[in-house]
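Asks: got a structure for you, letters missing:
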């Protein structure tokens, strides 16, 4: 068993880590850390809103017993050398300071954007760009660290990159236009989205989100050459919106392909990719990596998000595009707090351990 | 005062007609008609759900006094020659049968799709393609009718066509990709969208909607040549979704322009177009035809839909596109039950009267 | 294994039966029946909306494999003698006609109100009034039936009766005032509650609901005397409302007790009752029959409704009442589609089999 | 024109003050104050969320022009002697410190609870207990102030006290049991209720709310005797819950009367009271003080809350109670941010000016 810590364990993403690591085969969560406000409290008390008394626990599963009485540490008190791996769920500004300290001795898997755009840092999605993982060894060397920082992509990038990969490999991609309808949990809960702002409403803007998705998609789908990643030569344009949905990001995608591609072929490629995905045997990998619905009313976030505990990317409405000469369009659903966040990070940890990079 | 009837007066769109015609300067609503189930009842009783007793009245304004005690006629009992103009709010199948009968003697303005795609039928948006109105006279001649059928576009087409028009005129348009987030009221209330289906959810499919928007947009923006409309030579691709919003369709639009266009220029064109729009002085015309927000968090349906009583198309997030060489993207909001439906139909009636076509 | 049929199997309650009977230890679902419209179709096709194509399946669990290809029969084609037990999920008017026909040969467990208020018909809640079950044998004799009709209470009655029972037994009850905040699924889906009616809203009226709860509570808590039930001599007053919640009825209850009762004692009684409840060992019985929260922010329907798969009644905010000399008040949550409906009916079937009444 | 200031002008209640004072006949808003964070900014900038950039403006009406460019002062920089009247919209802890300072020179009308329960402080609802206003003069004398502090009741108390008053006067009241279904705006927006906590949910607890309503109702309905208020000798018990509704508190009320009262009589009393209410001619008074619906599906918050711009208390479901020997029950709706808050405070100011107490 590898010993792991979760930093930022009381927030929305941190809570998902606590669930994803419950009775994990390979990883044992031995310490949780959070802000000063929570430090010294039992975990179960630290996740309670001090004013209203409401337990700020979002997951359908109850708080796992194993963590309830763990005492929350201050982030500064964490000794990274005590762990084989550290998961962080921090705001980007904090990550920028804390993660390099940890990485000196210990591998860090991060949900923050802080290091995603640096030269020697891959943005890994297990099964999509596993070969980028070798950059982590270069990172170690470059920076003189025993560990490394391996960030996840933004949760809105994940599902899109996963569905584009089989299209890119088989048909080539020129351009991608994507409009997201993102869930509330993507904004966290401190305070995240206020009910008065979103009920009976759509908010057509999520600060910095579009830029992240545009850049990350190209990096993830890029080629590894001589120790660096050449972004994939496709163009991406996004508009990101918030809708009154608890969990699960829905994305409407229009893709211009290099070669002619009809919907049936694309479906076949997606399913073939799903079937053969590299990470099938890892403990947290879903039974299906991608599911493609023929039913035009799917995917729907409330109905489909929990499929395979949120680790499956669900595609529907796959059809020929009517404006591109060569193109298809579809709708995808990705669970932003599962595959797109903590549980995806645990899957990444499994991959890195499996490949002996951890 | 012109005498008008509203057919389908008890449904969601019919109710909007009843409001839009309340104390109208030019039009007097003298008869309301609906299905057999409602016939013979007072209007106020006909709009009550027979099982639950709930008054199925959706508008923020109360039921206008003038209509409460009007007795609802059967559609078949309507004598079209008694009216100067008939507004219809029918399902397409019914419209196909009823509207030609009325049109023999009387102009019909219709919210149904039944005749939109016929050669001698324009799809009019006041201020956008007024010159297409001359096709109505050809229609009269062709069909030997004293009246005509003038259909509105689908409510999802309206806002997009309005915002594309100034772009097309100034910069030319190659392609349009649009994802809609449509309101519940667009599906009507018989029964429309069931709460159990849409709460905490997005439904990524609205039957037939995308095809309508794709075809109508090109027809509306097309050129009038020798008595027929040549569809505009641009390509349109849509994905239409339903979100948990009461009123107001939000649309995320990506536009490839022929000539380079930056966001500031497009904004200027939109505002100029709005200022000079042909229909400014009609009774139902809004103070602003298009509003463009710099605030990136706008438009929002709950906040912006009632602007100028729902007759303004609200644009925001106007910015350079990142995937087209020449392109811009934006988000628009159009009130599907006001400008996109009954009240837009009344505005059209005003235009046709003003131009002596009625 | 007993052979069972479900009548009304395609509706919301019918779907819950299909789930509750999936891999049941004692009961084998061998036939599903529904209205003429569904008859002859495979189950999976019969639950699809014919217009929108949306699969009208509400449960978080997928449609169980075992039922997908069962062909739906017409209700009239059911031969009751082929079954050991028939579950019905019908509207009251249909139940009134169909259930007596079935009962001639076969026991019927019903979710409809049709027979609840007849003299020789008990309204059974397993664990609460098991002794009323003997009335079923009298019913058989009275009516010359081999079977019987055993109706469940209204779903709003269930949780209240369960929580009142331990209070009544220990402290006596004079009066009960209850306001319900009921979930959408309680209204079914044909069409049930329309989204336009309930979003951002409360509907303060549910036809006939209050009368049902008031009468049923007294009958359920009544004493069995010489082959008839004497309603409990307490007074009940309800106001029933609908709120925008998918599942789970929340009820605010004020109870005047005969003897002084403080919150701590009532909690103790409820927990003792829960621990010793008669039906603990039945297959569908929950681990906890009643749970009492000290956390004042609980119960919450979205968080607590799935506890023990919806079979637990969850109590919170238990405290001394401030207007009664002797009284307490609390909030309860009961899953209207699980314990309050189909799954509660299966629990009742288990009880009747266990007691050899089936 | 009296010069007034609004303290806490950027919050939800403060915004309502800004609207309620727009073009007011008697009062001129000459200064707005808020926390240090907002001080020095223009009002329109101060109400913008610093992170998301979302304009935190909730009202359907746009931000009034007159206030947009007013510079927000620090509360400490307010010189009370510059104003004839100060409205405060502060948290109770701040109110406790600030309001007495202001009251030395200037009358203060407050929405905070800080002083509500003191001996020489009336809790005034215009039209309900106008005679309690004389206590303000005693307060002045007691405390050596030129001004006074006149607090509004809690927004949940207002509608209930208004509807109980005509019942109390005519039939006498023994006991009241009330369950509230309160709107999100009652919790404000800093951050108020988080969307993730309330979507598809009910929260059965609002800290301190029930105690406030129970105590305030009795004080408001109490008798003025020799310079002090004797609480009305009725008993009140409440359970307060939060539901996913934007505005408008719905309350389910059960009332035990001293004398027999049937629903028709109570309705008549309410309407008579409404017709003759003392404050009918004040500028902000609604056309109807109380409206009573016969339609059992009313009141509904989304439909009825804006009636007379939120100043009317709407009653429905008035019927004989089934548990009390003498009693009635009903549902009421009161707009928590209009009559129950800022606009109610302006109405109170008008009353006090009209009675020469201001």
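Replies: Okay, I see it. Just so it is clear, the structure is predicted and the values come from calculations on it, not from any experiment. Numbers count the residues shown, from 1 in each chain, chains lettered A, B, ... in the order given.
Asks: residues in contact with stretch A:65-83?
Replies: A:3-5, A:7-10, A:18, A:22-23, A:29-36, A:38-44, A:46, A:86, A:94, A:98, A:101-102, A:104-106, A:147 (C-beta atoms under 8 Å, 6 or more residues apart in numbering or on different chains). Every C-beta, even on glycine, is put in place using the N, C-alpha and C of the backbone.
Asks: What is the burial count for residue A:207?
Replies: The local packing count at residue A:207 equals 13, with neighbours defined by other C-beta atoms under 10 Å in any protein chain shown.
Asks: To clarify, my last question referred to residue A:146.
Replies: Other residues close to residue A:146 by other C-beta under 10 Å number 12.
Asks: Could you check the pLDDT of it?
Replies: For residue A:146, the pLDDT comes out at 97.
Asks: My read is that it contacts residue A:102, right?
Replies: No - here residue A:146 lies out of contact with residue A:102, judged by C-beta atoms under 8 Å, at a distance of 10.4 Å.
Asks: Out of the contacts of stretch A:65-83, which are close to chain D?
Replies: For chain D, no contacts are drawn from the contacts of stretch A:65-83 by C-beta under 8 Å from any C-beta of the partner chain.
Asks: Could you identify the buried members of those?
Replies: A:4-5, A:7-10, A:18, A:29, A:31-35, A:38-39, A:43-44, A:46, A:86, A:94, A:98, A:102, A:106, A:147 (16 or more other C-beta atoms under 10 Å in any protein chain shown).
Asks: Quick check: helices, which of the residues you listed are part of them?
Replies: If you go by DSSP state H, these have A:18, A:43-44, A:46, A:94, A:98, A:102 in helices.
Asks: got CSV for those, with distance to residue C:313 and pLDDT too?
Replies: As requested, those are exported to CSV (distance: C-beta to C-beta, whole Å; pLDDT from 0 to 100):
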residue, distance to residue C:313, pLDDT
A:18, 28, 97
A:43, 28, 97
A:44, 24, 95
A:46, 30, 95
A:94, 43, 95
A:98, 46, 97
A:102, 47, 98
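Asks: Please enumerate residues in contact with stretch A:133-152?
Replies: By C-beta under 8 Å, 6+ apart, stretch A:133-152 touches A:80, A:86, A:99-100, A:102-116, A:120-125, A:158, A:224, A:227-229, A:340-341, A:344-345, A:348, A:351-352, A:355, A:357.
Asks: what about 7 Å?
Replies: Here stretch A:133-152 makes contact (C-beta atoms under 7 Å, 6 or more residues apart in numbering or on different chains) with A:99, A:102-112, A:115-116, A:120-124, A:224, A:227, A:229, A:344-345, A:348, A:352, A:355, A:357.
Asks: how about the strands in chain A?
Replies: A:2-7, A:27-34, A:73-74, A:85-88, A:108-110, A:149-151, A:173-182, A:223-225, A:228-230, A:235-242, A:249-257, A:290-292, A:313-320, A:327-334 (DSSP state E).
Asks: So which residues on the stretch 51-200 of chain A come close to chain B?
Replies: A:175-177, A:179, A:181, A:200 (C-beta under 7 Å from any C-beta of the partner chain).
Asks: I'd like the strands of chain A laid out as a markdown table, including mean pLDDT and distance to residue C:153.
Replies: Conversion of the strands of chain A to a markdown table gives the following (pLDDT from 0 to 100; distance: least, C-beta to C-beta, whole Å):
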| stretch | mean pLDDT | distance to residue C:153 |
| --- | --- | --- |
| strand A:2-7 | 98 | 46 |
| strand A:27-34 | 98 | 45 |
| strand A:73-74 | 96 | 51 |
| strand A:85-88 | 98 | 49 |
| strand A:108-110 | 98 | 52 |
| strand A:149-151 | 98 | 55 |
| strand A:173-182 | 98 | 41 |
| strand A:223-225 | 93 | 65 |
| strand A:228-230 | 96 | 64 |
| strand A:235-242 | 98 | 42 |
| strand A:249-257 | 98 | 40 |
| strand A:290-292 | 97 | 40 |
| strand A:313-320 | 98 | 39 |
| strand A:327-334 | 98 | 39 |
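Asks: so what's residue A:1 up against?
Replies: Applying C-beta under 7 Å, 6+ apart, the residues near residue A:1 are A:26-28.
Asks: Let me know the closest of those residues to chain D.
Replies: residue A:27 (27.2 Å; C-beta to the nearest C-beta).
Asks: What's the local residue count around that closest one?
Replies: 22.
Asks: now the residue nearest to residue A:113 when sequence neighbours are not counted: how far from residue A:114?
Replies: Nearest-residue entry for residue A:113: residue A:92, 4.9 Å, with adjacent residues in sequence omitted and distances by C-beta to C-beta, 6 or more residues apart in numbering or on different chains. Counting by C-beta to C-beta, to the nearest Å, the gap from residue A:92 to residue A:114 is 5 Å.
Asks: ditto for residue A:342
Replies: 17 Å.
Asks: what about these two, which has more around it?
Replies: Here residue A:342 and residue A:114 are compared on neighbour count by other C-beta under 10 Å; more neighbours surround residue A:342, at 26 against 22.
Asks: tell me the contacts of the more buried one?
Replies: Contacts of residue A:342 (C-beta under 7 Å, 6+ apart): A:13, A:16-17, A:20, A:89, A:111.
Asks: Just to be sure, which of these are found in helices?
Replies: Counting by DSSP H, these place A:13, A:16-17, A:20 in helices.
Asks: In a markdown table: these, plus distance to chain D.
Replies: Conversion of the ones in helices among the contacts of residue A:342 to a markdown table gives the following (distance: C-beta to the nearest C-beta, whole Å):
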| residue | distance to chain D |
| --- | --- |
| A:13 | 13 |
| A:16 | 13 |
| A:17 | 18 |
| A:20 | 19 |
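Asks: which of the residues you listed are close to chain C?
Replies: Applying C-beta under 7 Å from any C-beta to the ones in helices among the contacts of residue A:342, none is adjacent to chain C.
Asks: okay, the residues you listed in TSV with neighbour count and pLDDT next?
Replies: Shown next, in TSV, are the ones in helices among the contacts of residue A:342 (neighbours: other C-beta atoms under 10 Å in any protein chain shown; pLDDT from 0 to 100):
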residue	neighbour count	pLDDT
A:13	28	92
A:16	28	94
A:17	29	97
A:20	26	96
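Asks: And those, which is closest to chain B?
Replies: Ranked by distance to chain B (C-beta to the nearest C-beta), the ones in helices among the contacts of residue A:342 are led by residue A:16 at 18.4 Å.
Asks: From chain C, how far out is the closest residue to that closest one other than its chain neighbours?
Replies: Leaving out its chain neighbours, the residue that sits closest to residue A:16 by C-beta to C-beta, 6+ apart is residue A:342, at 3.5 Å. Residue A:342 is 20 Å from chain C, where distance means C-beta to the nearest C-beta, to the nearest Å.
Asks: Over to residue A:323?
Replies: From residue A:323 to chain C the distance is 25 Å (C-beta to the nearest C-beta).
Asks: Looking at the ones in helices among the contacts of residue A:342, spot the one nearest residue A:187.
Replies: residue A:13 (11.4 Å; C-beta to C-beta).
Asks: Let me see the confidence value for residue A:62.
Replies: pLDDT, residue A:62: 85.
Asks: Now for it: which residues touch it?
Replies: Here residue A:62 is in contact with no residues (criterion: C-beta under 7 Å, 6+ apart).
Asks: What separation do you get for it and residue D:286?
Replies: 48 Å.
Asks: What of residue A:349?
Replies: According to C-beta to C-beta, residue A:349 and residue D:286 sit 62 Å apart.
Asks: With neighbour numbers in mind, choose between the two.
Replies: residue A:349 (27 against 23).
Asks: The residue in the stretch 251-358 of chain A that chain D sits nearest to: how many residues sit nearby?
Replies: Distance from chain D to each residue of the stretch 251-358 of chain A (C-beta to the nearest C-beta) is smallest for residue A:302, at 9.0 Å. Around residue A:302 sit 22 other residues, with neighbours defined as other C-beta under 10 Å.
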